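# sequence and predicted structure below; questions after.
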Amino acid sequence: MPVKAAARWTLATALMLASLWVAGLLFYQLPLRPLLAGAAAVVWLVIAVGMAVAVGRGRAGRRVAAAFSLGFLAAAVAWVSLEPRQDRKWADDVSQRLQVVSFDGRHVVLDNVRDFTWRTEQDYDARWVRRQYDLDQLRSADLVLSYWMGPAIAHTLVSFGFDDGRHLVFSVEIRKEQGESFSALGGFFRKFEMTLVAAEESDIIRTRTNARGEDVYLYRLSALDRPRLRALFSGYLQQARALDAAPAFYNTLTSNCTTIVFDLARQIEPGLPMDYRLLLSGYLDGYAHDQHALVPGVPLQTLKARGRITARALQPQAAQDYSRWVRRGIPGMQAEAAP
């Protein structure tokens, strides 16, 4: 293929990729019903394919170039004009923003910690509470992976344990509006705001094991000593303050439940490498194991087998003391698990 022809088809391919992005923006951001927004995206793609083919064949004139330019310019203006908001009609489970009432470096008071009682996803008692914690009493951090869409994708949470037996879980999530549901593709197009939820384990983990039917695994992050635990917890507080002061968009690739955890961990250990498992979060336990963050001397498969809490969470005994019961038999957690 001549050099000029190869260059034209390379440009045509780039234009088509850009056109796919514009189509996604139309579908997820046009204030129309999904069917109409989808139709608009399809019409744009049909036109874009024709234009790209014309570019590849060397038949694109000034009108084609102008049409492409105007389309991309309009999309760029629309993208830049999108702004996250705090005042939508939010779903009940993300209706409140986590607020750091006070933090003196040791003692922290948090408002809007979630403590729901879930019977099903639609049947629950909503409860937002104020909690106080002493960071000198921090004793552990656990990695929680909740699988909801096959083995490659999991929701990532971190649960902090205190000397008095309490646990507090942090979870970066989309801030759903009423009637809205998560879309991984929508997360690329500023479809959702981001929120940081702080909750009791009997709420945020139990709803996944018991109400949603997700498969949940629990791992002790044994590499974190108390200074690192404190630094990681404080990093979450900084994130909470930032999102309380100004909303931000969730992004499936760059600002999600796993990348935020990684960013906070990298503040403690700057040498942590990038890895495909930060995107395919279902394999994050393997990444943590390779970085010697989990219980040493225990094979990953053993950690996975013993860390799968789904069956224990469904047992009647879990209703009495969820956190202790689900930790039975997990390496690194025997001292705090139920007898």
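Structure's in. What do you need? Numbering: from 1, shown residues only.
# what is the end-to-end distance of stretch 55-71?
The straight-line separation of the ends of stretch 55-71 (Cα to Cα, to the nearest Å) is 16 Å.
# what's it in contact with?
4-5, 8-9, 11-12, 15, 19, 22, 44, 47-48, 51, 54 (Cβ atoms under 8 Å, 6 or more residues apart in numbering). C-betas here are computed from N, CA, C, even on glycine.
# list the contacts of the residue nearest in space to the middle of the chain.
Among the residues of the chain, the one closest to the centroid is Cys257, at 2.3 Å (Cα atoms, centre = their mean). With contacts defined as Cβ under 8 Å, 6+ apart, Cys257 is in contact with 155-157, 171-173, 281.
# hmm, try it at 7 Å
For Cys257, the contacting residues are 155-156, 171-173, by Cβ atoms under 7 Å, 6 or more residues apart in numbering.
# measure it to Ala78 for me?
From Cys257 over to Ala78 the distance is 27 Å, taken as Cβ to Cβ, to the nearest Å.
# taking the contacts of stretch 55-71, tell me the two that lie furthest apart.
When Cβ to Cβ is used, the two most widely separated members of these are Lys4 and Trp44, lying 28.0 Å apart.
# phi and psi next, for the residue nearest to the centre of the chain.
Taking degrees, to the nearest 10, you get phi -60, psi -30 for the backbone angles of Cys257.
# so Lys4 and Trp44 - more neighbours on which side?
Here Lys4 and Trp44 are compared on neighbour count by other Cβ atoms under 10 Å; more neighbours surround Trp44, at 19 against 9.
# what sits closest to the more buried one if chain neighbours are left out?
Across the structure, with Cβ to Cβ, 6 or more residues apart in numbering as the measure, the residue nearest Trp44 apart from its sequence neighbours is Ala23 (5.5 Å).
# check which residues of whichever helix or strand that neighbour is part of are buried.
Ala23 is part of helix 3-29 when elements are defined by DSSP states H and E. Within helix 3-29, the residues that qualify as buried by neighbour count (16 or more other Cβ atoms under 10 Å) are 8-9, 12, 15-16, 18-19, 22-29.
# quick one, helices of the stretch 151-300 of the chain?
Using DSSP state H, counting those that start in this stretch, the helices of the stretch 151-300 of the chain run over residues 201-204, 206, 226-245, 257-268, 284-290, 300-307.
# can you pull the pLDDT of Ala40?
pLDDT, Ala40: 89.
# you'd agree it is up against Leu26?
Yes: here Ala40 reaches Leu26: they are 5.0 Å apart, a contact under Cβ atoms under 7 Å.
# what's the most buried one of the helices of the stretch 151-300 of the chain?
Most buried of the helices of the stretch 151-300 of the chain, by mean neighbour count (mean count of other Cβ atoms under 10 Å): helix 206, with a mean of 25.
# and it, average pLDDT?
If you average the pLDDT over helix 206, you get 95.
# one more: stretch 178-188?
The average pLDDT within stretch 178-188 is 91.
# in that stretch, what's buried?
180, 182, 186-188.
# likewise for stretch 109-120?
In stretch 109-120, counting by 16+ other Cβ under 10 Å, buried: 110-114, 116, 118.
# same deal with stretch 124-135?
Applying a neighbour-count criterion of 16+ other Cβ under 10 Å, one finds 124, 131, 133, 135 buried in stretch 124-135.
# hang on, isn't the first one packed against Thr117?
Yes: shown here, Tyr124 and Thr117 form a contact pair, counting by Cβ under 7 Å, at 6.2 Å.
# stretch 128-137 - what's its average pLDDT?
The average pLDDT for stretch 128-137 rounds to 97.
# hmm, who's touching that stretch?
Residues outside stretch 128-137 that contact it (Cβ under 7 Å, 6+ apart): 96, 106-115, 162-164, 168, 230, 233.
# neighbours around Leu272, how many?
Look at Leu272: counted by other Cβ under 10 Å, it has 16 neighbours.
# then Lys89?
Neighbouring residues of Lys89 were enumerated by other Cβ under 10 Å; the total is 9.
# now do the strands in the stretch 151-300 of the chain.
Per DSSP state E, counting those that start in this stretch, the stretch 151-300 of the chain carries strands over the ranges 154-162, 167-175, 193-199, 215-220.
# the second one pairs with which strands, parallel or anti?
Spelled out, that is strand 167-175. When pairs are called by DSSP bridges, strand 167-175 turns out to pair with strand 154-162 (antiparallel), strand 193-199 (antiparallel).
# and the first one, what's its mean pLDDT?
Same thing as strand 154-162. The predicted model gives strand 154-162 an average pLDDT of 97.
# which other residues reach that strand?
Under the contact criterion Cβ under 7 Å, 6+ apart, strand 154-162 has outside partners 133, 137-148, 167-171, 201, 204, 233, 257-258, 261, 281-282, 284.
# kindly report the same for stretch 26-42.
Among residues not part of stretch 26-42, those counted as contacts by Cβ under 7 Å, 6+ apart are 23, 44, 78, 82, 186, 189, 191.
# in the helix or strand hosting the second one, what counts as buried?
In other words, Trp44. Taking DSSP H and E as the definition, one finds Trp44 inside helix 34-56. By neighbour count, and taking 16+ other Cβ under 10 Å as the criterion, the buried residues in helix 34-56 are 37, 41, 44-45, 48, 51-52, 54-56.
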